[in-house]
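Peer 1: sequence-free structure coming up:
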Ligand SMILES: Cc1cc2nc3c(=O)[nH]c(=O)nc-3n(C[C@H](O)[C@H](O)[C@H](O)COP(=O)(O)OP(=O)(O)OC[C@H]3O[C@@H](n4cnc5c(N)ncnc54)[C@H](O)[C@@H]3O)c2cc1C
């Protein structure tokens, strides 16, 4: 007979195989997690077992890549929808205590579905309710919640500044700030104002042990890492402080062919200059064909294969920061920054 203790130990080593093994064992693991939520008054979640239809709806509504809605794709056991920073902290601590892999989700637009699916049993902490935007026009800054979409941020900043301010970021309104800023984020204004990650002045992050950190308390290494290396490796960003810029908008009659021809000629002009040796890639435009590790547990040498394509020489620095702030690799996905066990303090 398998005791609960044995189950939990083996589950921590390979939880996916155990959850497949027996529904009653799976429900024991699940109830431990839900008890912890209850003790911490965290009630706004839904489980795949209790309310599958709602869970599917919540999961699928913001997915851009419909391949991830297929029944063969692993589903989260629980989707949590925190509405405050403290609830995010509780969700992280409980999930970790009970051996669940954690995926942060904001806009759900990850090209490889890293926020919505996974190899191990996982919990999604979806930040869609953390979408408050506070604008300080006089200071030229705005705090936006870690679940804010780009449209929400653009709208509230324009509204508060009487259409005078915007910020340099992507063009798709439903992209989430959580993943977008974590991976850089470029759009129409970036030629002049650079990436949105270059305009981040501060951030609030719930770390691996559930502490709420700001720029000062997280330190330079982590503040550097969260602005460009992609979300999902460092913790839960619950708010960003942005520098905002003056904008001017105008509308002309659209002429599709004109713009299509322009793009075509631009492509032909640029094609000879595309980097090939080594190949390079932008982490917000994820490409799993570059290489990936099941469960997000690649060795440093394996992860280097795709890591240098995204980060070049910064890859080793990111590994050092990761080994320091998340030595047990709690926040991970198939292309996340790996831990170097020799560097763990
Ligand atoms: C239709 C479309 C248009 C796009 N347009 C642009 C564009 O104009 N410019 C551009 O630069 N990019 C663009 N992108 C790419 C986009 O920036 C990335 O896919 C980005 O990662 C999406 O972020 P998200 O929050 O929507 O995705 P999610 O899938 O929610 O998250 C992506 C990753 O970040 C992590 N994450 C999410 N929220 C948080 C958080 N709060 N804290 C920590 N980690 C978090 C997730 O775990 C996941 O690993 C576009 C993508 C799509 C699908």
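Peer 2: Great, that's in hand. Given the structure is predicted, the values throughout are model-derived calculations rather than measurements.
Peer 1: residues in contact with the residue nearest the centre of the chain?
Peer 2: In the chain, the residue lying closest to the centroid (CA atoms, centre = their mean) is residue 231, at 3.6 Å. Counting by CB atoms under 8 Å, 6 or more residues apart in numbering, residue 231 makes contact with 104, 106, 115, 178-179, 182-183, 237. (Glycine included, C-beta is placed from N, CA and C.)
Peer 1: Out of these, flag the one nearest to residue 143.
Peer 2: Proximity of those to residue 143 (CB to CB) peaks at residue 237, which lies at 11.9 Å.
Peer 1: Not counting its neighbours along the chain, what's nearest that closest one?
Peer 2: residue 146 (4.5 Å; CB to CB, 6 or more residues apart in numbering).
Peer 1: For the residue in the stretch 201-345 of the chain positioned nearest to the ligand, give its distance to residue 183.
Peer 2: Distances between the stretch 201-345 of the chain and the ligand by CB to the nearest ligand atom are smallest at residue 231, namely 2.4 Å. Going from residue 231 to residue 183 by CB to CB, to the nearest Å gives 7 Å.
Peer 1: Ok, residue 112 next?
Peer 2: 12 Å.
Peer 1: What count of nearby residues applies to residue 159?
Peer 2: Look at residue 159: counted by other CB atoms under 10 Å, it has 12 neighbours.
Peer 1: And for residue 324?
Peer 2: For residue 324, using other CB under 10 Å, the count is 17.
Peer 1: same check, this time on the one 10 residues further on
Peer 2: Other residues near residue 334 come to 22 when the count uses other CB under 10 Å.
Peer 1: helix or strand for it, which one?
Peer 2: Here residue 334, judged by DSSP states H and E, is contained in no helix and no strand.
Peer 1: which stretches of the stretch 101-250 of the chain aren't confidently modelled?
Peer 2: For the stretch 101-250 of the chain, applying pLDDT under 70 flags the ranges 248-250.
Peer 1: how about the residues of it near the ligand?
Peer 2: Within the stretch 101-250 of the chain, the positions near the ligand by CB under 6 Å from any ligand atom are 103-111, 114-115, 127, 146, 170-172, 175-176, 178-180, 182-187, 231-232, 236-237.
Peer 1: can you give me the strands in the stretch 101-250 of the chain?
Peer 2: 101-105, 122-126, 133-136, 141-145, 165-166, 200-206, 212-213, 236-243, 245-246 (DSSP state E, counting those that start in this stretch).
Peer 1: sorry, back to before: so among the residues of the stretch 101-250 of the chain next to the ligand, which ones count as buried?
Peer 2: 103-110, 114-115, 127, 146, 170, 175-176, 178-180, 182-187, 231-232, 236-237 (16 or more other CB atoms under 10 Å).
Peer 1: Helices of the chain, start to end?
Peer 2: For the chain, the helices defined by DSSP state H cover 4-13, 15-21, 23-39, 52-60, 85-97, 150-160, 177-182, 190-193, 215-225, 256-270, 300-311, 314-325.
Peer 1: Tell me which of the ones you listed lies nearest to residue 337.
Peer 2: That would be helix 314-325 among the helices of the chain, by CB to CB, at 4.3 Å.
Peer 1: who does that closest one touch, helix- and strand-wise?
Peer 2: helix 215-225, helix 300-311 (3 or more CB pairs under 8 Å, 6 or more residues apart in numbering; DSSP states H and E).
Peer 1: Just the pLDDT for residue 49.
Peer 2: Per-residue pLDDT puts residue 49 at 87.
Peer 1: buried stuff in stretch 327-337?
Peer 2: 329-337.
Peer 1: Quick one: end-to-end length of that stretch, please.
Peer 2: 11 Å (CA to CA, to the nearest Å).
Peer 1: Ends of stretch 166-185, what's the gap?
Peer 2: First-to-last residue span, stretch 166-185, CA to CA: 14 Å.
Peer 1: what's around residue 101, how many residues?
Peer 2: 23.
Peer 1: which non-adjacent residue is nearest it?
Peer 2: Residue 101's closest residue in space is residue 122 (CB to CB, 6+ apart), at 4.1 Å.
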